[in-house]
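J.: Need a 3D model of the following:
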Amino acid sequence: MSGGGCSIRAIWILTPNDTVAFSRRFAVVEKRWRAAWEEEEGDGERHRWGTGAAKMPLPADHEVAAAFAERRRREGTARSSGIRTNVSSVGLDSWVDDPITRHIISLHMDKEEGDPFMLWPVVLQKRGGYYVLVLPLVDPQPFRAYENLLKRSDCGGSAKENNNLSSILFNLPCITGAFMVAQVVGDIITGDIAEPEVIVSSGPSVGGLLDSLTGSIGISARAKPIAAPVAAPTASVSSPVGAAQSDSLKGGVRPFDKDLLQNFIIGAMPFGTPQDLNYANVTSIRTTGFSGDPLPTDQKQPAWKPYLYKGRQRILFSSLETINAALYDRDDVPDFLSVSGQVTCRAELEGLPDVSLPLTGLKTAHIKVSSFHHCVQASEPTANKQTLVFQPPLGNFVLMHYQAPCNIAPPVKGFYQLSMVSENEGAFLFKLSLMEGYKSPFIMDFCMITMPFPRRRVASYDGNPSIGTVSMTEHSIEWRIVSSGRGLSGRSIDATFPGTVKFQPRTTQRINSSSRFISSTGYTEDSDSEQDNVKNGASLDDYIMEKINKDLQAVDLEEPLSWQAYNYAKVSFKVTGGTLSGLAIDPKSVNIYPSAKAPAEYSMQASSGDYILWNTLGKCPTAALPREL
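T.: Below is the predicted model of the structure:
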């Protein structure tokens with residue numbers, strides 16, 4: 001019945017106050033659902049949920065909101081995470097012992113008149129304080145298999161057994177499609193619909209001797225991102241004006257543009273079947289329409305390129321890398337360095353040409369994980385080279401993702417020390433080396449060190465760094481070594497910063513831990529509704545972290561600042577002009593067929609992710625990176 005694809009029966013967006021902010025039903029898909037159940041139940045067999053689901057129409061918005069609120073109240077935080085507890089009962093999602101039940105749930109509709117019925121599978125995502133619920137179309141057989149799974153006393157058995165929840169979902173491609181729909185809907189309501197950046201290097205304005213001189217003293221041309229010139233919608237997602245934004249802020253969430261979302265759904269998934277979930281493509285089609293230019297008879301226009309480009313031709317590539325690091329400066333604990341990156345592309349080419357390019361440095365980069373855009377055909381890597389062939393879509397897109405170790409020295413290395421001289425005063429020392437071993441064209445655009453003190457309030461600090469400026473916030477000290485606009489190029493520098501920091505007197509704030517029941521699994525049994533009342537729509541992770549902070553035991557004077565992961569200094573920087581992994585693209589080797597006069601440009605940029613210096617005087621954890629970063 002589903003044909004191996006994906007069709008959506010309905011979409012709901014709920015607020016933290018259990019009201020429906022937006023809903024969309026697809027009558028064509030619902031008709032297919034009814035027809036499938038009528039054919040399935042022709043043998044007269046009756047199921048408690050199945051028969052009701054076939055006869056009852058999709059519930060009203062207030063019924064969905066009430067069922068979702070009841071589920072949150074009934075199952076709570078731990079149970080909605082798929083964790084079985086001693087208060088779980090047959091028929092609940094938590095009775096199916098699988099963590100995926102946190103995102104694929106069921107809603108039980110108890111009617112005053114008529115049979116009760118169940119909505120399943122409902123894909124759930126929480127974005128910007130809203131709950132996005134997507135109900136895909138499934139066959140009656142997996143629906144009944146899930147119904148039987150809810151009745152089992154063993155929570156569905158282990159993941160290796162047949163007929164568990166994972167095995168049922170594995171055979172439902174509509175689940176993947178529903179997740180994609182929920183993701184793009186969440187991006188629209190939160191305003192996170194920007195295309196990936198493609199960095200374009202600014203050319204020198206004067207050149208010659210002046211460029212050499214300015215580069216040697218740290219003044220250089222900055223790389224800048226370029227945005228795709230797709231047609232903008234009539235109303236901005238982030239704009240608070242317009243009729244769609246007239247709703248009041250409820251539960252601490254920001255209103256979204258309902259007309260914008262409705263128009264996207266109409267264009268992206270006509271009659272409930274997703275066709276193209278690329279926001280840029282859908283908005284461009286609505287404003288410019290499909291291309292009217294005739295195509296050669298031997299070419300087929302791909303779905304990711306709904307209209308053809310006209311104008312000056314060029315093709316841009318960018319390598320954007322993020323380095324995560326934990327530097328311990330200890331012989332007994334090895335440092336951790338890892339690079340994750342992506343190659344973004346923007347091809348302003350007329351017609352439907354094929355682009356081929358070689359990736360070099362694969363052997364040096366030791367790439368472990370890579371994924372390609374669906375338009376890419378990648379050859380098997382040989383020696384130190386791999387060829388990519390693709391028909392590029394319009395606008396900016398991610399050509400590939402990869403992960404690799406850092407194959408050169410870290411851009412910032414050294415050590416950080418912090419010790420307490422009294423209860424409210426600490427002494428610290430930084431000795432760092434920046435861009436050691438890096439030569440032109442590598443440029444460090446900026447670099448900043450942050451000392452976080454999440455459990456103490458900073459009163460003052462004393463100390464003069466050898467380079468840069470220092471500022472203070474309520475819970476941190478920030479040392480800006482290299483300022484934006486005056487980068488560090490062609491040379492390395494050593495930076496030191498000794499000093500002291502004074503804190504305001506400690507005030508003990510304890511809460512009654514007995515008011516919270518902690519289950520044997522370590523999960524709290526607070527309901528989601530209680531969390532929303534406390535945090536007014538904030539994320540669950542923020543709420544949990546705040547509660548953990550309040551429940552912390554007082555620490556000894558030797559390490560009054562080092563609560564678990566906070567015994568560190570965080571490094572933030574950006575480096576342009578090269579890659580840290582060694583992966584590279586040669587613009588001169590980019591081929592376009594049919595041949596076109598389109599220059600190829602390539603830029604590279606690396607920035608810090610979770611890049612930290614552990615306090616060498618503290619108790620260094622063996623874990624590479626803290627989760628809270």
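
J.: Give me the domain ranges for the chain.
T.: 8-190, 314-405+582-614, 412-505+562-575 (the TED database).

J.: between the ones you listed, which one is nearest to residue 256?
T.: Smallest distance to residue 256 across the domains of the chain (CB to CB): 4.0 Å, for domain 8-190. C-betas here are computed from N, CA, C, even on glycine.

J.: Poorly predicted segments of the stretch 351-500 of the chain, please.
T.: Low-confidence segments of the stretch 351-500 of the chain, defined by pLDDT under 70, are located at 485.

J.: Helices of that one, start to end?
T.: 362-365 (DSSP state H, counting those that start in this stretch).

J.: Centre of the chain to stretch 329-347, how far?
T.: Taking the mean C-alpha point of stretch 329-347 and that of its whole chain, the gap between them comes to 18 Å (CA atoms, centre = their mean, to the nearest Å).

J.: Using CSV, write down the CA coordinates of that stretch.
T.: Included here for stretch 329-347 are C-alpha records, laid out as CSV according to Å, rounded to 0.1, in the frame of the first residue of the first chain:
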residue,chain,number,x,y,z
ASP,A,329,50.2,18.5,28.9
ARG,A,330,50.9,15.2,30.8
ASP,A,331,52.9,12.2,30.1
ASP,A,332,50.4,9.8,31.6
VAL,A,333,47.4,11.2,29.6
PRO,A,334,47.6,11.4,25.8
ASP,A,335,46.2,14.4,24.1
PHE,A,336,43.1,14.1,22.0
LEU,A,337,42.8,15.7,18.5
SER,A,338,40.1,15.1,15.9
VAL,A,339,39.0,17.0,12.8
SER,A,340,35.5,16.9,11.3
GLY,A,341,34.9,18.7,8.1
GLN,A,342,32.8,19.3,5.1
VAL,A,343,33.3,20.4,1.5
THR,A,344,30.7,22.9,0.4
CYS,A,345,30.1,23.8,-3.2
ARG,A,346,28.3,26.5,-5.2
ALA,A,347,28.1,25.8,-9.0
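
J.: Can you give me the buried ones in that stretch?
T.: Taking 16 or more other CB atoms under 10 Å as the neighbour-count basis, stretch 329-347 is seen to contain the buried residues 329, 333, 336-347.

J.: from memory residue 175 sits against residue 104, does it?
T.: Yes - at 6.8 Å, residue 175 counts as touching residue 104 under the criterion of CB atoms under 8 Å.

J.: quick one: common contacting residues for the two?
T.: A shared contact of residue 175 and residue 104, defined by CB atoms under 8 Å, 6 or more residues apart in numbering, is any residue touching both; here these are 121, 123, 169.

J.: Go through stretch 483-496 and flag the buried ones.
T.: Buried-residue list, stretch 483-496, by 16+ other CB under 10 Å: 487, 488, 489, 490, 493, 495.

J.: And stretch 579-591, by the same measure?
T.: By neighbour count with 16+ other CB under 10 Å, stretch 579-591 contains the buried residues 579, 580, 581, 582, 583, 584, 585, 590.

J.: Can you check the pLDDT for residue 111?
T.: We note a pLDDT of 70 for residue 111 in this prediction.

J.: Could you do residue 68 as well?
T.: In this model, residue 68 is scored at 92, pLDDT.

J.: what's the helix or strand it falls within packed up against?
T.: Of the helices and strands defined by DSSP states H and E, residue 68 is found in helix 61-80. Contacts of helix 61-80 with other secondary structure elements, assessed using 3 or more CB pairs under 8 Å, 6 or more residues apart in numbering; DSSP states H and E, are made with strand 8-14, strand 20-25, strand 104-109, strand 130-136, helix 528-535.

J.: Would you tell me which one of the buried residues of stretch 579-591 comes nearest to residue 287?
T.: In terms of CB to CB, no member of the buried residues of stretch 579-591 lies closer to residue 287 than residue 590, at 30.4 Å.

J.: Excluding covalently adjacent residues, which one is nearest to that closest one?
T.: Counting by CB to CB, 6 or more residues apart in numbering, residue 600 is the residue found nearest to residue 590 once chain neighbours are left out, at 4.2 Å.

J.: Likewise for residue 434?
T.: Of all residues not flanking residue 434 in the chain, residue 493 sits nearest, at 5.2 Å (CB to CB, 6+ apart).

J.: isn't that neighbour right up against residue 435?
T.: Yes - in this structure residue 493 lies within contact range of residue 435 using CB under 8 Å: 7.2 Å.

J.: tell me the two of the buried residues of stretch 579-591 that are most distant?
T.: Distances among the buried residues of stretch 579-591 were taken as CB to CB; the most separated pair is 580 and 590, at 22.7 Å.

J.: Would you map the strands across the stretch 401-550 of the chain?
T.: Counting by DSSP state E, counting those that start in this stretch, the stretch 401-550 of the chain forms strands over residues 412-422, 425-434, 443-452, 458-462, 469-472, 476-482, 488-489, 493-503, given from the N-terminal end onward.

J.: Those: which one's closest to residue 371?
T.: Residue 371 lies closest to strand 443-452 among these, at 28.2 Å (CB to CB).
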